[in-house]
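> here's my sequence, what's the structure:
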Amino acid sequence: MNKTKTQKFLILLFLCGSTLWSVGQVNYKQAADSYVTIAGTSTLHDWTMTSLELNVQASLEASSAGIAQLKSLTLTIPATSLKSAHKAMDKNAYTALKTDKFKSIQFTVLSATIQKNVVQASGNLTIAGVTKPVQIEATCSNTNGTLICTGSKKIKMSDFQVEAPVFMFGTVKTGDEITISFNLPLAAVKI
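Numbers count the residues shown, from 1 in each chain. Got it, this is the predicted structure:
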């Protein structure tokens, strides 16, 4: 083969390889029924706040059982979309989360390992402007082309410099440990 034909062949081989690699990777977004819940305790009663206004951007390869490969995933929650059954509690929580300066809570996957339908993700969690590395485990299943990922993670608010909210003139105080739970149905994005 002459030099020109060799170069053309190598370019064609590179383009075909790139195309084949990108075919497996598909972009996904949150589907209906996605939510994140934050649950904690207080000296009066347990409490929960839920957000239905999530934004998930993911690039992954699905399998018939769940996820085969996770290239990237970012979950963003508008902080003021977290709601409880009590507006006064919401207001105190927004103050503790410093929502006037930090509008969202975000988790970005940096790496992931997958065994069967369980994803072990390492990433950065940002709350109230403070970013910390965390490990999160999610169980993902493929139901009629929609990936459904669920899981939970316990964290301490103080690790993110969030002061536990108090209510009723300081007589009711929330505990430092909270549990973040998620239900993320993910659907392929059509381009």
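
> drop to CA atoms for contacts and neighbour counts, all remaining ones
Fine.

> now do the most centrally placed residue in the chain against residue 57, distance only.
When Cα atoms, centre = their mean is applied to the chain, the residue found nearest the centroid is residue 75 (3.5 Å). As judged by Cα to Cα, to the nearest Å, residue 75 and residue 57 stand 7 Å apart.

> who does the helix or strand hosting the residue nearest to the centre of the chain pair up with?
Element membership for residue 75 (DSSP states H and E) is strand 67-78. In the sheet, strand 67-78 lines up against strand 55-62 (antiparallel), strand 104-115 (antiparallel) (DSSP bridges).

> how about the strands of the chain, start to end?
All strands of the chain, identified by DSSP state E, fall at 26-30, 35-40, 47-51, 55-62, 67-78, 104-115, 118-127, 130-143, 146-156, 166-167, 172-173, 177-188.

> ok, which of these comes nearest residue 92?
For the strands of the chain, proximity to residue 92 was assessed by Cα to Cα; strand 166-167 is nearest, at 7.4 Å.

> if we can go back for a sec, just checking, the residue nearest to the centre of the chain touches residue 108?
Yes: using Cα atoms under 8 Å, residue 75 is in contact with residue 108, at 6.5 Å.

> quickly note the distance from the closest residue in space to residue 183 that isn't next to it in sequence to residue 140.
Nearest residue to residue 183 in three dimensions, chain neighbours excluded: residue 150, at 4.6 Å (Cα to Cα, 6 or more residues apart in numbering). According to Cα to Cα, residue 150 and residue 140 sit 7 Å apart.

> look at the two and report which has more neighbours.
residue 140 (25 against 19; other Cα atoms under 10 Å).

> now do the contacts for that one.
65, 66, 67, 117, 118, 119, 147, 148, 149, 150 (Cα atoms under 8 Å, 6 or more residues apart in numbering).

> before we move on, the earlier item: ok, now which ones touch the residue nearest to the centre of the chain?
Contact analysis of residue 75 by Cα under 8 Å, 6+ apart lists 54, 55, 56, 57, 106, 107, 108.

> which strand residues bridge residue 75?
Under DSSP bridges, the beta-bridge partners of residue 75 are residue 56, residue 107.

> how confident was the prediction at it?
As predicted, residue 75 sits at a pLDDT of 97.

> what of the one 10 residues further on?
In the prediction, the pLDDT value recorded for residue 85 is 90.

> gap between it and residue 182?
According to Cα to Cα, residue 85 and residue 182 sit 19 Å apart.
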